[in-house]
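A.B. asks: take this sequence and fold it.
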Amino acid sequence: QIRTRTTKHWNPKFKKLRGQKFIKVELPNFEELTKTTEELTREEIRSKMKERGILPQRPWSERPVYIGSTGTVFEPYIPPEGDGKFSSITRQGAKQKLEYIEKKSKSMMALRKIRSFEDEFQFNEFLKEAQDIYIGAHLAMINKDREKLPQFVTERAYPEVVHNIGDKTINWRFLESIEPPKVVHVRCLDVITKENIFSQITVRFHTQQILAVYDRFGRLLHGNESLPKDVLEYVVFEKHLSNKYGKWRIHDKIIPAWMPPREPSRKTHMVSEHQRIS
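C.D. replies: Numbers count the residues shown, from 1 in each chain. As a prediction, this is how the structure comes out:
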């Protein structure tokens, strides 16, 4: 019989307790302790935090959001058919009268909201400013002045205006106002918070203008330079009331369903070889 010496204890009953007699002590690395936080690399900081069970600090990646204008016309004005009034004796006239009173009361409430931000707000002064904005926006559009356009149109209207003037030459002239501009609709709306208020005013313009649109080859697409036309428009102006430096700008145009369709543009096309020969 051969005997061999082993370090295994003859009684495994208290093996776990015997193992606890020896404690592993982690000796500190004094060279690393002398390092400052600026000297440590990003990976070293991460590993040290992981050893201690500390979660890394999450970066604050919240982006500031600026809302300069709304994306639509809230409660758009519906012009009466033919831009006229029905007799109050008829059923349609009585209905129109009730709708007018309801809309008028809402407009007066919105006007009170505007005056809470602007004490000296008056429709007469606003209408003069609105006509100047209307003319200024058209002049900036025909001159293709993209730096000046945002002063007269909102962020919602800007893409539409820029798209319509691409590859075109526009000749436009404002001749006169057939009727003075008139405020027909006023609304206010709060966006996200109750303190962030936008206001929209719909103005009726009845003017005489001259318009001629040419394509990039100089061919007439629409209108006539020598023929003035009467133009009836409902233009929506918007202002960010909560913004101290906000100003009135063109936001949209309301085209009534009863308005006759405008004259279609003359389309240009390439002449085929067969047409050239004939």
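A.B. asks: let me know the pLDDT of Gln92.
C.D. replies: Note on Gln92: pLDDT of 67.
A.B. asks: same question for the one 10 residues further on.
C.D. replies: Looking at Glu102, its pLDDT reads 78.
A.B. asks: name the helix or strand for it, please.
C.D. replies: Using DSSP states H and E, Glu102 sits in helix 91-117.
A.B. asks: counting by contacts, list what that helix packs against.
C.D. replies: strand 168-190, strand 197-215 (3 or more Cβ pairs under 8 Å, 6 or more residues apart in numbering; DSSP states H and E). The way it works is simple: take the backbone N, C-alpha and C, and place the C-beta from them, glycine included.
A.B. asks: what's the angle between the longest one and strand 197-215?
C.D. replies: Between the direction of strand 168-190 and that of strand 197-215, the angle (axes from the mean of the first three to the mean of the last three Cα atoms, to 10 degrees) works out to 170 degrees.
A.B. asks: just the mean pLDDT for strand 168-190, thanks.
C.D. replies: 91.
A.B. asks: following the helix holding Glu102, which helix or strand shows up next?
C.D. replies: Next element after helix 91-117 (DSSP H and E): helix 123-142.
A.B. asks: in the helix or strand just after that following helix, what's buried?
C.D. replies: As assigned by DSSP H and E, the chain's next helix or strand after helix 123-142 is helix 158-164. Applying a neighbour-count criterion of 16 or more other Cβ atoms under 10 Å, one finds Tyr158, Val161 buried in helix 158-164.
A.B. asks: so what touches helix 158-164?
C.D. replies: Applying Cβ atoms under 8 Å, 6 or more residues apart in numbering, the external contacts of helix 158-164 come out as Ala137, Met141, Arg146, Leu149, Pro150, Val153.
A.B. asks: again with stretch 65-82
C.D. replies: 86, 96, 103, 106, 154-156, 184-185, 187, 189, 191-192, 196, 198, 200, 202, 204, 234, 236, 238, 240, 249, 251-252, 254, 256, 258.
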